[in-house]
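J.: Give me coordinates for this.
(one chain, ligands or ions: 1)
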Amino acid sequence: MLAVEENVSLKNYNTFGIDVRARYLAHICSTKDLVQLLHTEPYRSLPRLILGGGSNILFTGDFDGIIIKNELAGLQAEPHNAHQVMIRVASGENWHQLVAWCVSKGYGGIENLSLIPGTVGAAPMQNIGAYGVELSETLHTVEAMELATGKLRVFTKEECELGYRESIFKHKLKDKYFITAVNLLLTDTNRTSHYECRTHYGDIRKYLDSKGVKTPTIADVSHAVIAIRKSKLPDPKELGNAGSFFKNPVIDEAHFKKILSDYPEVPHYQQSDGTYKIPAAWLIEQCGWKGKRIGNTGSHARQALVLVNYGGATGTEIFLLAEQIRCTVQERFNILLQPEVNIY
Ligand code: EPU
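T.: Numbers count the residues shown, from 1 in each chain. Below you'll find the predicted structure:
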């Protein structure tokens, strides 16, 4: 049965903890619920917003429409070939619980993505990535329902047009499809010894070395990522935040050389096309924002890229802080940071 609430506070539905209200909130527990919602007045003609875990969103005001809260559940694993397993997981499942389950079963490929908040459905939306791994490496297909027609469609990985925190669902098909399930192709480490854990991201190797782990298992890598994330990133349950607020910018070589001559220590990652990715956290820190608090908001003391709600902040306050940060980074480095968080 489709459950729709009216005039709902969204405070517990976004990890920034912003207290705005939605006219309606529908709990979608099956694709039938979704079809019913799409055919029923007044819901069918209202502005819509699909919400997963609310961990990558900033509300700057009330939402005068219907929030479609994804609560689809279910998980199946089937052998795919001699050493791979296909995982089909409903999009409303919690991402980290999926990772933890895969790690416990010995299914490798997403352990570096441990502890990322949010739901499974949000993972392909923005091609989540962390500690040297992106979802694109294990994603097989995405199942989704077209909102206009109620038709189900399977997207191949290529059709998802994944990029750095990007997909077709954020652009060409924005608000057009509701992702219902995600299929991942993982390595069954119980059935092969040919699986190499990805430990090249600096902090992982450092952590494993400090624990004397020479040949890490996927569980070791997962533990390392969890420990690193906990040491840097504030827990949204304690301090409202949505992870990285901006994307790491990519600049051309001439621009990079100019910054390098002024700041020889600038951290950077050269891209295959000769451009350079610069950590936004470093740019923000250079501009003096790290750990700085303005009213109820601020840039986090251990990770400058994470903007936080110290309690009672409005979305507009956080948005204005983000704009000030953007302006100072633009003035100092001639780089205009792009939000990673979706702003409504
Ligand atoms: N740095 C600073 N100051 C800081 C923090 C970092 O100068 O306060 C510099 C350091 O040089 C550091 C570098 O930035 O080596 C990179 O920092 P970190 O490893 O913490 O990663 P990030 O680039 O800031 C990205 C993702 C995170 C992901 C981490 C780890 C983006 C926008 N963010 O952050 O993803 O967890 O790498 O892989 O790409 C998210 O998307 O919400 C998110 C948290």
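J.: nearest spatial neighbour of the closest residue to the ligand within the stretch 1-150 of the chain, skipping sequence neighbours?
T.: Residue nearest to the ligand within the stretch 1-150 of the chain: Ala130 (3.7 Å; CB to the nearest ligand atom). For the C-beta atoms, the positions are set from N, CA and C on the backbone; glycine is no exception. Ranked by CB to CB, 6 or more residues apart in numbering and with sequence neighbours excluded, the top spatial neighbour of Ala130 is Leu113, at 5.7 Å.
J.: With Pro216 instead?
T.: Spatial nearest neighbour of Pro216, chain neighbours left out: Cys197 (5.0 Å); criterion: CB to CB, 6+ apart.
J.: Check which helix or strand whichever residue of the stretch 101-250 of the chain sits closest to the ligand maps to.
T.: Nearest to the ligand in the stretch 101-250 of the chain, going by CB to the nearest ligand atom, is Gly243, at a distance of 2.4 Å. Using DSSP states H and E, Gly243 sits in strand 240-244.
J.: before we move on, the earlier item: correct me, but the residue of the stretch 101-250 of the chain closest to the ligand touches Asn56?
T.: Yes. Taking CB atoms under 8 Å as the definition, Gly243 is a contact partner of Asn56 at 6.9 Å.
J.: Please enumerate the shared neighbours of these two.
T.: Glu340, Val341 (CB atoms under 8 Å, 6 or more residues apart in numbering).
J.: re earlier: now the residue of the stretch 101-250 of the chain closest to the ligand: how far from Asn7?
T.: Distance of Gly243 to Asn7, given as CB to CB, to the nearest Å: 29 Å.
J.: neighbour-wise, which of these two wins?
T.: Gly243 (22 against 10; other CB atoms under 10 Å).
J.: From His300, how far off is the more buried one?
T.: 10 Å.
J.: And Ser193, by the same measure?
T.: Ser193 is 41 Å from His300, by CB to CB.
J.: ok, the two, which is more surrounded?
T.: More crowded of Ser193 and His300, by other CB under 10 Å: His300, with 22 against 6.
J.: Contact partners for that one?
T.: Leu233, Pro234, Leu239, Asn241, Lys290, Gly291, Val306, Leu307, Val308.
J.: Mark which of the residues you listed are buried, thanks.
T.: Neighbour counting with 16 or more other CB atoms under 10 Å marks Leu233, Pro234, Leu239, Asn241, Lys290, Val306, Leu307, Val308 as buried within those.
J.: Pull the contacting residues for the fourth one.
T.: Which is Asn241. Per CB under 8 Å, 6+ apart, neighbours of Asn241: Thr15, Phe16, Leu233, Pro234, His300, Val306, Leu307, Val308, Asn309.
J.: Residues of this structure that sit close to the ligand?
T.: Contact residues, the chain versus the ligand (CB under 6 Å from any ligand atom): 130-131, 232, 243-244, 247-248, 267, 279, 281-282, 285, 290, 303-305, 340.
J.: switch the cut-off to 8 Å
T.: Remark: the part of the chain in contact with the ligand comprises 56, 112, 116, 126, 128-132, 164-165, 201-203, 228-229, 232-233, 242-244, 246-248, 267, 279-282, 284-286, 290, 300, 302-306, 340, using CB under 8 Å from any ligand atom.
J.: Can you say which of the residues you listed are buried?
T.: Among these, those classed as buried by 16+ other CB under 10 Å are 56, 112, 116, 126, 128-132, 165, 201, 203, 228-229, 233, 242-244, 246-248, 279-282, 284-286, 290, 300, 303-306, 340.
J.: Please point out which parts of the longest helix along the chain sit buried.
T.: In the chain, with assignment by DSSP state H, the single longest helix is helix 315-333. For helix 315-333, the neighbour count (16+ other CB under 10 Å) marks Gly315, Glu317, Ile318, Phe319, Leu321, Ala322, Ile325, Arg326, Val329, Phe333 as buried.
J.: Starting from that helix, tell me the next helix or strand along the chain.
T.: strand 342-343.
J.: Could I get the full set of helices for the stretch 101-250 of the chain?
T.: In the stretch 101-250 of the chain, the helices defined using DSSP state H, counting those that start in this stretch lie at 122-125, 202-210, 218-232.
J.: from the ones you listed, which stretch is densest packed?
T.: Most buried of these, by mean neighbour count (mean count of other CB atoms under 10 Å): helix 122-125, with a mean of 26.
J.: Using PDB, write out every CA atom in that helix.
T.: The C-alpha trace of helix 122-125 is given here as PDB (Å, rounded to 0.1, in the frame of the first residue of the first chain):
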ATOM      1  CA  ALA A 122      22.400   7.100  -5.400                       C
ATOM      2  CA  ALA A 123      25.700   5.200  -6.200                       C
ATOM      3  CA  PRO A 124      25.400   5.200 -10.000                       C
ATOM      4  CA  MET A 125      23.700   8.700 -10.000                       C
END
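J.: just checking, what packs against it?
T.: If contacts are counted by 3 or more CB pairs under 8 Å, 6 or more residues apart in numbering; DSSP states H and E, helix 122-125 sits against strand 139-146, strand 177-188.
J.: again, only this time at 6 Å
T.: Using 3 or more CB pairs under 6 Å, 6 or more residues apart in numbering; DSSP states H and E as the contact test, no helix or strand touches helix 122-125.
J.: centre of the chain versus it, how much separation?
T.: 7 Å (CA atoms, centre = their mean, to the nearest Å).
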